[in-house]
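# A predicted structure for the sequence below; I have some questions about it.
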Amino acid sequence: MCLLIIYKRHSIRRVIGLGSVGLPSYFKWREKWLMPVRNQRGCASCWSISVCDMLADSLNLKTGGAYGLNPLSSQYLLSCYRGHLGCDIGDSPENVYDLPQLTEQGIPLESAFPYQASDTLACPKFADGIQRVKTVKSTAEDICLEPNTVVFTSKQDVINRNIVNMKRALQRSPIVGTLRVHHDVYNYDGKSIYTVTPGSPLIGYHAVLIVGYADANANTHEPGFSEGYWVAKSSWGNSWGAQDGDKRGFIYVKMGVNEADIESRASRCDVVVPDELKDAVAATDMTQMAYSSYSEYVNDPDRFNFLGSVKSAHT
């Protein structure tokens, strides 16, 4: 498991919070529309993977699944953008949204340039006309303020504002988040809400894709999940994290206290919809692409049961 070492934070446009009015107590993008869990292996490429999956997920959700489960090439950013610090250190997700490699050229599909976990692989010459996905220039959103650097209000006030901004941003698409990684997270099994074990050594930082949340007492079925939490997809393969159901490799991080810095840094940007998919966007009811209540999730016979292992562990 290799981590991202965040060495700088690029300043981009911020989300302006509108308060928590109208936000559901439970929200999660339906798992069947999301890209599969990846394995970054021995390269600090989580920044690239999380950005690629955020864009591909956004496009698939906006088009009602017409785009398909077609992951984007995270190797493309490793090989064709040389501003990062390689597989040993990584980069910051916020640094890449407005790069010409994304806004002008676009990211090719994983099938066109498969992941090799390498920072020495040369950028290839791609055939004309291959499918690419672009970002919309100047739409990047830096969703959170860093609680430890704000002096005009209390740290908890900043965290509370960040939570609202993260929830609002999530209504539009999955968002790229950052997790402070301690050694204990390597043994996380998805059977409880993650909190850092006191004294567990700090390892580094890791970019993840946040796809949902539950407020306190929103989850009424699984024991041990009554507190608020974020649902995040990692890039450590599907043998890590939650192990039950069709989608593995997820973590549920405690909400409300900036646990593992989850509420101190998050971002997203808009994706360009190709002309051939614009009719699909017009025909898509986005409310059907997500669960807006816990009962919707529980009662959906086609759900991917992230937390089934918890239920079986308590029966």
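That came through fine.

# Mind telling me what element the closest residue to residue 90 other than its chain neighbours is part of?
Nearest-residue entry for residue 90: residue 44, 3.5 Å, with adjacent residues in sequence omitted and distances by C-beta to C-beta, 6 or more residues apart in numbering. Heads up, the C-betas are built off the backbone N, CA and C, glycines and all. If you go by DSSP states H and E, residue 44 is not part of any helix or strand.

# What number of residues are in the vicinity of residue 44?
Residues within reach of residue 44, counting by other C-beta atoms under 10 Å, total 26.

# and what of residue 157?
13.

# repeat for residue 263
28.

# I'd like the numbering to begin with 414 instead of 1 from here.
Sounds good: first residue 414 from here, last item residue 676.

# Skipping adjacent residues, who's closest to it in space?
Nearest to residue 676 is residue 575, by C-beta to C-beta, 6+ apart, at 4.7 Å.

# So residue 593, which state does it fall into?
strand (DSSP: H, G, I helix; E, B strand; the rest coil).

# What is the burial count for it?
Count around residue 593 with other C-beta under 10 Å applied: 20.

# roughly how far apart are it and residue 438?
Going from residue 593 to residue 438 by C-beta to C-beta, to the nearest Å gives 26 Å.

# Check whether the residue nearest to residue 503 really touches residue 502, as I assumed.
Yes: shown here, residue 457 and residue 502 form a contact pair, counting by C-beta atoms under 8 Å, at 6.0 Å.

# ok, back up a step: what pLDDT does the residue nearest to residue 503 get?
Residue 457 is assigned a predicted lDDT (pLDDT) of 95.

# Please report how far it lies from residue 703.
31 Å.

# now swap in residue 555 and tell me
23 Å.

# can you check residue 558 too?
Applying C-beta to C-beta, the value for residue 558 to residue 703 is 26 Å.

# for residue 667, same thing?
22 Å.

# cool, and residue 489?
The value you get for residue 489 to residue 703, if C-beta to C-beta is used, is 28 Å.

# Neighbour count for these two, which is higher?
Taking other C-beta under 10 Å, residue 489 and residue 703 do not tie; residue 489 has more neighbours (26 against 19).

# Sticking with that one, tell me its helix or strand.
helix 487-493.

# So for the longest strand anywhere in the chain, mean pLDDT?
Of all segments of type strand in the chain, defined using DSSP state E, the longest is strand 615-627. Averaging pLDDT along strand 615-627 gives 97.

# now do stretch 523-530
98.

# Identify each buried residue in that stretch, please.
523, 525-526, 528, 530 (16 or more other C-beta atoms under 10 Å).

# do the same with stretch 644-662
Neighbour-count burial for stretch 644-662 [16+ other C-beta under 10 Å]: 644-649, 651, 653-655, 657-658, 660-662.

# which one of those sits closest to residue 493?
Using C-beta to C-beta, residue 648 comes nearest to residue 493 of those, at 19.2 Å.

# List the contacts of that closest one.
450-453, 458-459, 462-463, 620-621, 662 (C-beta atoms under 8 Å, 6 or more residues apart in numbering).

# mind listing the strands for this structure?
Using DSSP E, strands in the chain cover 439-442, 520-521, 545-546, 554-555, 588-595, 615-627, 642-646, 663-667, 679-681, 703-704.

# circling back to that earlier point, my guess is the residue nearest to residue 676 contacts residue 563. True?
No: contact between residue 575 and residue 563 fails when scored by C-beta under 8 Å: they sit 10.2 Å apart.

# more crowded one of those two?
residue 575 (23 against 14).

# Could you check how far the more buried one is from residue 690?
32 Å.

# How about residue 436?
Taking C-beta to C-beta, one finds residue 436 at 29 Å from residue 690.

# again, but for residue 467
Taken as C-beta to C-beta, the span from residue 467 to residue 690 is 17 Å.
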